[in-house]
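[1] sharing a sequence plus its predicted fold:
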Amino acid sequence: MTAVQPAPTDTALKETLEDYTLRFAPRSYRKWGTGVVATSALGGIAYLADFAIGANIGISYGTGNALWGILVFAVVIFLTGLPLAYYAARYNIDLDLITRGSGFGYYGSVVTNVIFATFTFIFFALEGSIMAQGLELGLSIPLPIGYAVSTLMVIPLVIYGMKALAKLQVWTTPLWLVLMVLPFVYLVVSNPDSVGAFFAFGGQDGADGTGVNVGSALLAAGVCLSLIAQIAEQIDYLRFMPPKTPENSRRWWTAVLLAGPGWVIFGALKQVVGLFLAVYLIANVVDGSTIANEPVHQFLEIYENFMPGWLAMTLAVILVVISQIKINVTNAYSGSLAWTNSYTRITKTYPGRMVFVLFNLAIALILMEADMFSFLNDILGFYANCGIAWIAVVASDIVFNKYILKLSPKVPEFRRGMLYNINPVGFGAMVTSAIVSILVFFGAFGSTIKPYSPIVALLLALVLPPILAIATKGKYYLRRTDDGIDIPMFDEYGNPTDATLLCHVSGMEFERPDMIASNVPGPNGEKQYISSLSLRTDKTGEHILPPQ
């Protein structure tokens, strides 16, 4: 028997079996009910960045433009996120594995991992900055030290993967909901005039808040659309959904819709509330305009209206800390998966996920120390073009190429040897969409079209995949159509089967969807099987089946 060099170590295997960093999540591990998975996934959107984003775009463009921008953001993210969430929950794979089989190829999706990892450290830094503001206000901890505290406290929580994250999200969600909703309800009930002031707010230009300028609305939407990659973090939870059966079909679909694309409903509401609180502070608090976009001040000022100052400060700091922990354990976890995926695929070496937890957090800490919060709109507006290009291309491939044109295989393939290294359909569409929209963002095609860069990214990402699939006749999707295993891939309900096979390299059993026949026969010439994890670290390539 020929061994793969280097084979995964026992530690790496144990870690990978815990959170399935690189591969399919087997049925034997997925013991959570639909409600627990959905609650865990939605716990990850507890971040306060939405409040800051809503405040920033409202202050810049006025209430009317901000609300239209938020609406565009919500519609785009829901429609593009739906097919991705369904595939993750149905086939129990993360967005990297979905991307591979949706027009990118085995190595082509590496670039999307980098895009996603960038998303996680940008938003980790944003949430860490908000927490540091809370620690400075409540405990007089200097911002630079607060940045370090908000970074280091996440490390112990993210070590243990999905099991620990699920418990954390479920336990902290009720308290977080009460602390977040309370000030908004109080303002609306006790100060109804604040609603009219909110709709009349014209932003920094002082225009009529009810008026709408298409360019300003789209600039606002562009900032919000930087959150489009959040669906990848939702999918990191949704891939642990239980099998879909006739008995749980309604619960299964409800969980997928709410915790998948439905996250944007809660996100949009938080942005509106963030803008509402910012307008109130600007109108009613001395120097309110200087703190209106900082969530900790938004909540503190409202709490102080109906409770003692010491309690208001305590609750504001608790809310900020809970929110930061809930989202940043997810950012650190998901970012480490993305970096690990890319590194292992390129080097054929698995260093362990914790290496990249620390790497991702180091980048986030550098961004915090550089005061990224002060130029938030510019960072998010630029990033949105890359995120839209990726997510919309995958959604387009699933909807148009898999279901309508049937040029892309309906079942997402992710195993090495079954895919071409690069598929020009998705990879080419994403690169083209991102580059063109970034050029538009920086004014290369004139100031008139500049605000429309997110729309340019979206339209190109939607239309290019079917065009390229037709042009290439879909021939770059599959290198092989037969994986050499006679056992059916799915059960009677269309769920990935739980039948197991022995991996002849690691000596461990893996479920059927995670296995492929090895090109290396056994001692007596018999067929042997190899897991996708072991195959990924095969530097010689001798276990890879020949193309068909």
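    Received, thanks.

[2] helix or strand for Ala429, which one?
    helix 424-441 (DSSP states H and E).

[3] buried set for that helix?
    Across helix 424-441, burial judged by 16 or more other CB atoms under 10 Å covers 424-434, 436-438, 440-441. No exception for glycine: its C-beta is placed from N, CA and C like everyone else's.

[4] where are the low-confidence patches of the stretch 51-200 of the chain?
    Filtered on pLDDT under 70, the stretch 51-200 of the chain yields the residue ranges 159-170, 172.

[5] tilt between the helix or strand where Val393 lies and helix 424-441?
    Using DSSP H and E, Val393 sits within helix 376-396. Our comparison of helix 376-396 with helix 424-441, counting by axes from the mean of the first three to the mean of the last three CA atoms, to 10 degrees, yields an angle of 150 degrees.

[6] so, low pLDDT: which residues of the stretch 351-500 of the chain?
    Low-confidence regions of the stretch 351-500 of the chain, defined by pLDDT under 70, span residues 373, 376-377.

[7] quick check: mean pLDDT of the helix ranked longest in the chain?
    In the chain, assigned by DSSP state H, the helix with the most residues is helix 309-347. Throughout helix 309-347, pLDDT has a mean value of 84.

[8] what helices or strands is that helix leaning on?
    helix 95-99, helix 110-139, helix 155-158, helix 162-190, helix 230-238, helix 295-303, helix 353-369 (3 or more CB pairs under 8 Å, 6 or more residues apart in numbering; DSSP states H and E).

[9] to Arg536, which of the ones you listed lies closest?
    helix 95-99 (11.5 Å; CB to CB).

[10] got the buried residues for the helix holding Val393?
    Of all the residues in helix 376-396, those buried under the rule 16+ other CB under 10 Å are 376-377, 379-396.

[11] orientation of that helix relative to helix 110-139 in degrees?
    Comparing the axes of helix 376-396 and helix 110-139 via the same axes, to 10 degrees yields an angle of 140 degrees.

[12] helix 376-396 versus helix 353-369: what angle between them?
    140 degrees.

[13] and helix 376-396, how far out from the chain's middle?
    Distance, stretch centre to chain centre, for helix 376-396: 12 Å (CA atoms, centre = their mean, to the nearest Å).

[14] what's the helix holding Ala429 packed up against?
    Applying 3+ CB pairs under 8 Å, 6+ apart, one finds that helix 424-441 contacts helix 110-139, helix 376-396, helix 453-472.

[15] a markdown table for those helices, including distance to Gly81?
    Output for the helices and strands packed on helix 424-441, formatted as a markdown table (distance: least, CB to CB, whole Å):
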| stretch | distance to Gly81 |
| --- | --- |
| helix 110-139 | 14 |
| helix 376-396 | 7 |
| helix 453-472 | 13 |
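
[16] mind listing what's buried along the helix or strand encompassing Ala41?
    Ala41 belongs to helix 34-43 when assigned by DSSP H and E. For helix 34-43, burial by neighbour count (16+ other CB under 10 Å) applies to Thr34, Val36, Val37, Ala38, Thr39, Ser40, Ala41, Leu42, Gly43.

[17] next: stretch 530-542.
    Ile530, Ser531, Ser532, Leu533, Ser534, Leu535, Arg536, Thr537, Asp538.

[18] list just the nearest of the residues you listed to Pro451.
    Nearest to Pro451 among the buried residues of stretch 530-542, with distances taken as CB to CB, is Arg536, at 42.6 Å.

[19] how much space between the closest one and Ser408?
    Distance of Arg536 to Ser408, given as CB to CB, to the nearest Å: 23 Å.

[20] among the buried residues of stretch 530-542, which one lies nearest to Gly262?
    Lowest distance from Gly262 to the buried residues of stretch 530-542 (CB to CB) belongs to Ser532, with 30.3 Å.

[21] how many neighbours does Asn328 have?
    Asn328 has 30 neighbouring residues, counting by other CB atoms under 10 Å.

[22] related to what we said a few turns ago, what is the orientation angle of the helix holding Val393 with helix 453-472?
    30 degrees.

[23] and helix 376-396, what does it pack onto?
    With contacts taken as 3+ CB pairs under 8 Å, 6+ apart, helix 376-396 sits against helix 49-61, helix 63-91, helix 95-99, helix 110-139, helix 214-224, helix 424-441, helix 453-472.

[24] out of those helices, nearest to Arg251?
    Taking CB to CB, helix 63-91 is the member of the helices and strands packed on helix 376-396 nearest to Arg251, at 11.8 Å.

[25] and that closest one, what's buried?
    By 16+ other CB under 10 Å, the buried positions in helix 63-91 come out as 63-74, 76-78, 80-91.

[26] other SSEs contacting that helix?
    On a contact count with 3+ CB pairs under 8 Å, 6+ apart, helix 63-91 meets helix 49-61, helix 95-99, helix 193-200, helix 214-224, helix 230-238, helix 249-259, helix 263-284, helix 376-396.

[27] ok, the nearest residue to Gly103 once chain neighbours are set aside - contacts?
    Spatial nearest neighbour of Gly103, chain neighbours left out: Gly426 (2.4 Å); criterion: CB to CB, 6 or more residues apart in numbering. Counting by CB atoms under 8 Å, 6 or more residues apart in numbering, Gly426 touches Thr99, Ser102, Gly103, Phe104, Gly105, Gly108, Val393, Val394, Asp397, Pro465.

[28] just Ala259 next, same as before
    Contact analysis of Ala259 by CB under 8 Å, 6+ apart lists Val37, Ala38, Thr39, Ala41, Leu42, Ala85, Gln234, Tyr237, Leu238.

[29] farthest pair within the residues you listed?
    Greatest spacing in the contacts of Ala259, by CB to CB: Thr39 and Ala85 (15.4 Å).

[30] surely Leu227 is in contact with Ile70?
    No. Using CB atoms under 8 Å, Leu227 is not in contact with Ile70; the gap is 10.8 Å.

[31] which neighbours do these two have in common?
    What both Leu227 and Ile70 touch, as defined by CB under 8 Å, 6+ apart, is an empty set.

[32] closest one to Met313 among the helices and strands packed on helix 376-396?
    helix 110-139 (5.2 Å).

[33] list the buried residues of the closest one.
    With burial defined by 16+ other CB under 10 Å, the residues of helix 110-139 counted as buried are 110-113, 115-138.

[34] burial measure for Ile93, as a count.
    Around Ile93 there are 25 residues (other CB under 10 Å).

[35] picking that back up, for the helix holding Val393, C-alpha coordinates in CSV please.
    Taking C-alpha atoms only, helix 376-396 is exported to CSV below (Å, rounded to 0.1, in the frame of the first residue of the first chain):
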residue,chain,number,x,y,z
LEU,A,376,-15.6,52.3,7.3
ASN,A,377,-17.7,53.4,4.3
ASP,A,378,-14.8,53.3,1.9
ILE,A,379,-13.6,49.9,3.0
LEU,A,380,-17.0,48.3,2.8
GLY,A,381,-17.9,50.0,-0.5
PHE,A,382,-14.8,48.6,-2.1
TYR,A,383,-15.1,45.1,-0.6
ALA,A,384,-18.8,44.9,-1.8
ASN,A,385,-17.7,44.5,-5.4
CYS,A,386,-15.6,41.4,-4.7
GLY,A,387,-18.2,39.8,-2.4
ILE,A,388,-21.0,40.4,-4.9
ALA,A,389,-19.0,39.0,-7.8
TRP,A,390,-18.4,35.7,-5.9
ILE,A,391,-21.8,35.1,-4.3
ALA,A,392,-23.8,36.1,-7.4
VAL,A,393,-21.7,34.0,-9.7
VAL,A,394,-22.3,30.9,-7.6
ALA,A,395,-26.0,31.7,-7.3
SER,A,396,-26.2,32.2,-11.1
